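In: prediction below, plus the sequence it came from.
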Amino acid sequence: MPHTIPDRIVIATHNQGKLREFQALLAPYGCALISSGQMGLAAPDETGSTFAENAILKARIAAQETGMVALADDSGLCVSALDGSPGIYSARWSDNGDFYPAMERINREIGANPDRAAHFITVLALCWPDGYHETVAGRVDGTIAPAPRGTGGHGYDPIFVPNGDTRTFAEMHDDEKNAISHRAVAARILVEKFFAHRKS
Ligand code: ITT
């Protein structure tokens, strides 16, 4: 089986924010994206102990269940003062998808610690129906704002201020976040390796 990108791939995510970002990041490459949520697939248990393991697990299951090439993203916010937490547990720190309690918890646990450094990380896994997979990673460094600000983006965006800016991701226009985010960095590598020849 050739490991190329067909005209339609499945994005193995149930996260609407990620889906929106992938649609913007991959739009110029003439490849239709359908999400596993839209296809009625259940979200698998994320039993891996690293971002890469969970990304591969999500992509592999979606590729097996659909017979399509599948792209999955496992990502999270790693806070230095919290020894890298919430990390792979970022989604699980939310209260049923409400991230305000998780953002409050991060600020409470940082407390008076002057180290407010943090980074977002993502590992993208691309998996073909025969089980062959590739991974790429992206990272963006920044600091944690003392309180949430802004209404854009998703997840932890209201408390993340990327280095070189004073605004949180949630205070930026989608295009501005999509130019510098961890997902954008990883998507650029993925595009160069697999999608660039498709540019319409
Ligand atoms: P899928 O597994 O279905 O893709 P999920 O939300 O469960 O969706 P993850 O397991 O990868 O995804 O958890 C990542 C969490 O990290 C996500 O729910 C957000 O809370 C956070 N996160 C990742 N990327 C983010 C971003 O760009 N902005 C804000 N928060 C982000």
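Out: On my side now, so go ahead. Numbering: from 1, shown residues only.
In: buried residues, the longest helix seen in the chain. List them.
Out: Under DSSP state H, the helix in the chain containing the largest number of residues is helix 51-66. For helix 51-66, burial by neighbour count (16 or more other CB atoms under 10 Å) applies to 51-63, 65-66. For the C-beta atoms, the positions are set from N, CA and C on the backbone; glycine is no exception.
In: moving C-terminal of that helix, what's the next helix or strand?
Out: Once helix 51-66 ends, the next helix or strand along the chain (criterion: DSSP states H and E) is strand 70-79.
In: please compute how far the longest helix of the chain lies from its chain's middle.
Out: Computed by CA atoms, centre = their mean, to the nearest Å, the chain-centroid distance of helix 51-66 equals 14 Å.
In: for this protein, which residue gets nearest to the ligand?
Out: Closest approach between the chain and the ligand, counting by CB to the nearest ligand atom: residue 155, at 2.4 Å.
In: quick one: residues in contact with the longest helix of the chain.
Out: Judged by CB atoms under 8 Å, 6 or more residues apart in numbering, the contacts made with helix 51-66 from elsewhere in the structure are 10, 12-13, 36, 39, 41, 44, 46-48, 68-76, 88, 121-129, 131, 133, 135, 137.
In: now, which of the buried residues of helix 51-66 sits nearest residue 182?
Out: Each of the buried residues of helix 51-66 was scored against residue 182 by CB to CB, and residue 51 proved nearest at 10.3 Å.
In: tell me how far that closest one lies from residue 137.
Out: Remark: distance between residue 51 and residue 137 (CB to CB, to the nearest Å) = 8 Å.
In: what's the answer for residue 36, then?
Out: For residue 36, the distance to residue 137 - CB to CB - is 21 Å.
In: which one's more surrounded, the two?
Out: residue 36 (25 against 16; other CB atoms under 10 Å).
In: thought that one was touching residue 9?
Out: No - using CB atoms under 8 Å, residue 36 is not in contact with residue 9, being 10.9 Å away.
In: below-threshold pLDDT in this structure: ranges please.
Out: 1, 199-200 (pLDDT under 70).
In: where do the helices sit along it?
Out: Listed in chain order (using DSSP H), the helices of the chain are 16-26, 51-66, 100-110, 174-180, 182-190.
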